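Chemist: sequence and predicted structure are below.
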Amino acid sequence: MIPFKAIETFYETWLPEARRKGHHLVAPCPLCRRSQQAKPGQMTVLLNPESYLRGYFRCSAHCVPGGFHAHFARLMGIDGAQVPGFDPDADTYALGMQFPARHLGAELDQFTSLLGDAQKEYFTRLGISAEVLQQMRIGFNGRYMVFPYIQENGFAYAAHCLLPGREQDHFWHGNELFFKGEAAVYNAGEIERAEHGALFITDGEVNLLILKSLGYPAIAVPDGADLDILKAERLARIEHIFLLVSNTPEARQSARELAVRLGFKARILAWPPTFKRGAHLSKVAAYPAMDTAKTVQRMIQQSKAFSPFSSPEKEQRQFIEFLEKEKGKALMGIQTGFEKMDRHLEGLRGINILGGPPKAGKSCFFMQISSEVARRKVPVIYYDFENGRQKIYLRTLVRLSDVSEKQIRSGAMDPPEQERLRQAREQFASLLTRFRVVNDRRLTPDTMRRHIDFIKHETRADDILVVVDSLHKLPFKDLTERRTGIDSWLRQLEAIRDEQQVCFLVISELSRGKGGGYGETPDLSSFKESGDIEYSADNAMVLMPDWDPLAPVADNQRKSTLWVVASREASPGRITDYVLDYPYWRFREQ
């Protein structure tokens, strides 16, 4: 930032006839003299060291638009070496488009001549001065107000036409190349005039005219959603940027996205809590009881330099709330119902990826964990691309009742089995309030985020388990993107984990070794088609069977070993063996 004393000395040097009036420097306008104005005006320079507009000059005769000291130096032809903050190596921003020979000059003259008393009265009610209307060349075409988009070269090639009081009724006139993109910045010349100073950015032409009438340098975009056309490089030489947009979530989000690109120089002005949704300057100014100038001034005073970081107070509050929530927990993470697994991992936390050969029982293992977690009143979303909703429900009912699937289908049960099934159905009904199975083949990360928000809202729970069966069957755009798609999904799961405090259980396929098998002692290289698993997974595990998949179930005991192959906090190695209790689709921990 340029020292205030340097700016003050600069103006005192080049305005030798000036006199001080409080925080203002007043002198005969040297620019009026140069242009031989019939009635030269007075130049007033704001020299308040506490103001964001320090160094801003204006001529009472409006011989030129106001600006800051760098613009004053250009108008006066002062050598750059004598201008505070001058950088001889600074690049001038190029708009990247050619200005055509034909412009709207003659048409604008006609439109301005049609601006009658009724239209001027409309602007007067909003506090917009006649001088601003003249300076901005506001016109009227017989029905619509005409707002010319004058470019940096002083010519307008397009105009935005709006129906007074009904801005949603509008159209563009002129060269369509200037209807959108970087050319669609209203009062674009203000960017150069605001060099080394301050600039307001708003949405809507009428709101800009109100700011101009209040004495603030400003540019505007047609709508809050158009803020993305402004590039940070174009505004790089401005020290303070105030974002004053409509009081709507969409406009605030657009302003925040622009502020992220601009950095600490940006300040998003917050509307007072008493103002309704949709409020803006044009609506505030329409009410005589509202003091628009004081409202804007108060918003400026209360503004803070934009920061992408949460405030220290908010961070501390959230951390204390986290500690309070964790009090009394036996484990750091979510309990699975498998004692040795919970003890080894300290419960499920973060992203847990489980690999295993085909038909090793991975889905069955996850179904059991999911139903047990839901039984402990932790909501579960089960994204299934392998088994189908009804199979998951049926196996859950079998596991809860100790009644085989065949018996449930045939109805051949003795009284104790019938009673167990009845009780299991009651448990299952209660379970479904926290256990949701999703078979959406068009699933996206955004849809997953919304699902998580919904179930958190419905259950009022802080913890949530999301199961993905399986990683390699998540939707991709096409098969050629399988590898990059998997890695992209892993990045998204990481983001969701951090943003929404979610625990994931994800099934992954394993790659075969050189001999066509899967090896006895698995490691990270066993996981198929993703080098990112080792970076994304908080716990990478493998469920390795030691039984012959081709042998009949009754001929051998289906026992599998669970290995931790990589973990951020747990020790790698063997956890224990798990025996499948068939036909009840239940693993028993050895």
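Modeler: It's in. Numbering: from 1, shown residues only.

Chemist: distance of the residue lying closest to R349 once chain neighbours are set aside from G347?
Modeler: Once flanking residues are discounted, R349 sits nearest to G333: 3.8 Å by CB to CB, 6 or more residues apart in numbering. C-beta: built from backbone N, CA, C; applies to glycine. Here the criterion is CB to CB, to the nearest Å. By it, G333 lies 3 Å from G347.

Chemist: with D226 instead?
Modeler: 48 Å.

Chemist: how about V564?
Modeler: Distance check for V564 against G347: by CB to CB, it reads 14 Å.

Chemist: the residue lying closest to E569 once chain neighbours are set aside: how many residues sit nearby?
Modeler: Nearest non-adjacent residue to E569, counting by CB to CB, 6+ apart: E346, 6.9 Å away. E346: 13 surrounding residues under other CB atoms under 10 Å.

Chemist: cool, the one 10 residues further on as well?
Modeler: When neighbours are counted by other CB under 10 Å, G356 registers 25.

Chemist: again with N153
Modeler: Using other CB under 10 Å, N153 has 12 neighbouring residues.

Chemist: so it makes contact with F99?
Modeler: Yes - using CB atoms under 8 Å, N153 is in contact with F99, at 5.7 Å.

Chemist: what sits up against the host helix or strand of D109?
Modeler: D109 belongs to helix 105-113 when elements are defined using DSSP states H and E. Helix 105-113 has contacts (CB atoms under 8 Å, 6 or more residues apart in numbering) with 137-141, 146, 148, 155-156, 159.

Chemist: again, 7 Å this time
Modeler: Helix 105-113 is touched from outside by 137, 139-141, 146, 148, 155-156, with contacts defined as CB atoms under 7 Å, 6 or more residues apart in numbering.

Chemist: and the residues you listed, which two are furthest apart?
Modeler: Distance extremes for those: the farthest pair is F140 and F155 at 20.3 Å, using CB to CB.

Chemist: sorry, back to before: look up how far S567 lies from the residue nearest to E569.
Modeler: 10 Å.

Chemist: mind listing what's buried along the helix or strand that contains Y578?
Modeler: Assessed by DSSP H and E, Y578 sits inside strand 573-581. By neighbour count with 16 or more other CB atoms under 10 Å, strand 573-581 contains the buried residues 575, 577-578, 580.

Chemist: what packs against the helix or strand just after it?
Modeler: Once strand 573-581 ends, the next helix or strand along the chain (criterion: DSSP H and E) is strand 586-589. Contacts defined by 3 or more CB pairs under 7 Å, 6 or more residues apart in numbering; DSSP states H and E place strand 586-589 against helix 362-375, strand 573-581.

Chemist: format these as TSV; extra columns: mean pLDDT and distance to S311.
Modeler: Shown next, in TSV, are those (pLDDT from 0 to 100; distance: least, CB to CB, whole Å):
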stretch	mean pLDDT	distance to S311
helix 362-375	96	34
strand 573-581	94	42
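
Chemist: among those, which comes closest to I486?
Modeler: Evaluated with CB to CB, the helices and strands packed on strand 586-589 place helix 362-375 nearest to I486, the distance being 16.6 Å.

Chemist: could you give the angle of that closest one to strand 573-581?
Modeler: Interaxial angle of helix 362-375 relative to strand 573-581 (axes from the mean of the first three to the mean of the last three CA atoms, to 10 degrees): 90 degrees.

Chemist: what's the distance between the residue sitting furthest away from the middle of the chain and D402?
Modeler: In the chain, the residue that sits farthest from the middle, by CA atoms, centre = their mean, is D414; the gap is 58.8 Å. In this view, D414 and D402 are 12 Å apart by CB to CB.

Chemist: name the residues that touch the helix or strand of the chain with the lowest mean pLDDT?
Modeler: Lowest by mean pLDDT, DSSP states H and E among the helices and strands of the chain is helix 533-536, with a mean of 81. With CB under 7 Å, 6+ apart as the test, helix 533-536 has contacts from 351, 353, 490, 493-494, 508, 524, 527, 540, 566.

Chemist: R449: which of those is nearest?
Modeler: Closest to R449, out of all of those and judged by CB to CB, is L493, at 10.9 Å.

Chemist: list phi and psi for the closest one.
Modeler: Phi and psi for L493, reported as degrees, to the nearest 10, are phi -60, psi -40.

Chemist: cool, Y149 as well?
Modeler: Backbone torsions for Y149, taken as degrees, to the nearest 10, come to phi -90, psi 90.

Chemist: which non-adjacent residue is nearest T124?
Modeler: A130 (8.0 Å).

Chemist: what about that neighbour, neighbour count?
Modeler: Counted by other CB under 10 Å, the residues lying close to A130 total 12.

Chemist: what does the model give it for pLDDT?
Modeler: According to the prediction, A130 has pLDDT 93.

Chemist: A289 too?
Modeler: On the pLDDT scale, A289 gets 63.

Chemist: on that earlier part again, now the least confident helix or strand of the chain: buried residues?
Modeler: Using 16+ other CB under 10 Å as the test for burial, helix 533-536 gives 533, 536.

Chemist: so what touches the helix or strand just after it?
Modeler: Moving toward the C-terminus from helix 533-536, the next helix or strand (DSSP H and E) is strand 539-545. If you take CB under 7 Å, 6+ apart as the criterion, strand 539-545 is touched by 345, 352-357, 360-362, 365, 522, 524, 526, 533-534, 558, 560-567, 570.

Chemist: in its sheet, what does strand 539-545 sit against?
Modeler: Here strand 539-545 is paired, per DSSP bridges, with strand 351-356 (parallel), strand 559-567 (antiparallel).

Chemist: can you map out the strands along the stretch 301-450 of the chain?
Modeler: With strands called from DSSP state E, counting those that start in this stretch, the stretch 301-450 of the chain shows them at 351-356, 380-384, 435-438.

Chemist: hey, least reliable of those strands by pLDDT?
Modeler: strand 351-356 (a mean of 93).

Chemist: got the CA coordinates for that strand in CSV?
Modeler: This file holds the C-alpha atoms of strand 351-356, laid out as CSV (Å, rounded to 0.1, in the frame of the first residue of the first chain):
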residue,chain,number,x,y,z
ILE,A,351,-11.8,-43.4,4.4
ASN,A,352,-11.5,-47.2,4.9
ILE,A,353,-10.9,-49.2,1.8
LEU,A,354,-11.3,-53.0,1.8
GLY,A,355,-9.9,-55.2,-1.0
GLY,A,356,-10.2,-58.8,-1.6
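
Chemist: many thanks, I have nothing further to ask.
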